[in-house]
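*Asks:* Sequence and predicted structure, then a few things I'm wondering about:
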Amino acid sequence: MQRITCFLILIIIFSCNERKANSEIKPDSKNYNDQGIQEIGQLYNPENITTRPIKLYNNDEEKNYEIDIFNSDLLLRDKENLKPHSDKIALLLKNHLIKNNVIYNDIIVRIYQKNDGKQSFQYSDKELIEIKNKRHLNQSQKN
């Protein structure tokens, strides 16, 4: 009987540790990796970037992630190609979320410009996979 009890206790301990290892890393945590957000900032050099989860319905587990890019000169100069830029931003944010063990439904990219207002783009995980595959295909065709 003691062996069974000890075995059950060990299983509980290890299963709790596994959940902690795969839990979402919060931005105020020392293990948080913001390299993906920094990369977006370096590429687009906006005045400001904000990211945040948006809870869906009344469920704490399901959420979309939004990224807002404010007043990027590059995006202003290349406003005819906002969709491809938004695709790239969404892929970089997806990689950032994966590195931080964040579970999300959709990624929403909002681009704000002083004189041009706001553009929004929403991506499901399936769409992001398709975009990534197309980019990979295009790069391999160039080589």
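*Replies:* Yep, that arrived. What you see is a predicted model; the values in this text were computed from it and never measured.

*Asks:* Can you spell out which helices and strands pack onto the longest strand seen in the chain?
*Replies:* Scanning the chain for the longest strand, with DSSP state E as the assignment, gives strand 59-70. Strand 59-70 sits against helix 35-44, strand 48-56, helix 82-99, strand 106-113, with contacts defined as 3 or more CB pairs under 8 Å, 6 or more residues apart in numbering; DSSP states H and E. Just so you know, the C-beta spots here come from the backbone N, C-alpha and C atoms, and that holds for glycine as well.

*Asks:* Over the second one, what's the mean pLDDT, rounded is fine.
*Replies:* Same thing as strand 48-56. On average, the pLDDT along strand 48-56 is 88.

*Asks:* Would you mind pulling the contact partners of the longest strand of the chain?
*Replies:* When contacts are defined by CB atoms under 8 Å, 6 or more residues apart in numbering, strand 59-70 is touched by residues 40, 44, 46-56, 75, 89-90, 93, 97, 102-112, 122.

*Asks:* what's the closest non-adjacent residue to Gln113?
*Replies:* Counting by CB to CB, 6 or more residues apart in numbering, Leu76 is the residue found nearest to Gln113 once chain neighbours are left out, at 5.4 Å.

*Asks:* quick one on the thing from earlier: partner strands of the longest strand of the chain, parallel or antiparallel?
*Replies:* Next to strand 59-70 in the sheet, as set by DSSP bridges, lie strand 48-56 (antiparallel), strand 106-113 (parallel).

*Asks:* how about it: buried residues?
*Replies:* 63-70 (16 or more other CB atoms under 10 Å).
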